[in-house]
Structures are given as structure tokens and as C-alpha cells.
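>>> missing the sequence, but the structure's below:
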């Protein structure tokens, strides 16, 4: 569960996949990795699921993209 309280590890923003002006539609806990887009119902628990959500891809493609960014051989 994600609580969007004002704390150092909780961040609130506008929805990340659509035009939105309501801060709080998207929330991420950078300590736990949990995130939720309340405007669309999307949610996940790690950076791979977040990248897949934002890019509109499967998690395997997101994992490969992140591996490439980090210089990790993903063969």
C-alpha cells in the first residue's frame, strides 16, 4: 500500500501517462519502490514495472532497457 504523506521518501506528482494538472494523481515511495497512478489505476512495486508502465511495454522489455542503461549484459 502506498501512503502519499508528506515525507522524505514519498513523492506526489501529476499522472505520468496522460496530461494531468492534479498533483497527487501519481505517488511513488522511493524507499520501497511502490508506485501508483491513481488517475488510471496503474500500480507496481519496482523500477522495472514503472518503466514498463510509462513506456507501455512488457516488463521484460523494460528490464532489458534498464540493463542497457546500466551497462549490464542482458543476453
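Alright, I've got the coordinates. On a predicted model such as this, the values are computed, not experimentally measured, just so you know.

>>> Please point out which parts of the helix ranked longest in the chain sit buried.
Secondary structure of the chain read by DSSP state H shows that its longest helix is helix 59-70. Counting neighbours by 16 or more other C-beta atoms under 10 Å, one finds that the buried residues in helix 59-70 are 62-66. C-betas here are computed from N, CA, C, even on glycine.

>>> List just the nearest of these to residue 54.
Looking at these and their distance to residue 54, the nearest is residue 62, at 8.6 Å (C-beta to C-beta).

>>> pLDDT wise, what is residue 33 at?
The predicted local distance difference test score for residue 33 is 86.

>>> And the one 4 residues further on, by the same measure?
The model reports residue 37 with a pLDDT of 86.

>>> ditto for residue 53
According to the model, residue 53 scores 92 on pLDDT.

>>> That one and residue 46 touch, don't they?
No - judged on C-beta atoms under 8 Å, residue 53 makes no contact with residue 46 at a distance of 10.9 Å.

>>> Mind checking which of those two has more residues around it?
Shown here are residue 53 and residue 46; by other C-beta atoms under 10 Å, residue 53 has more neighbours (19 against 15).

>>> Noted, bye for now.
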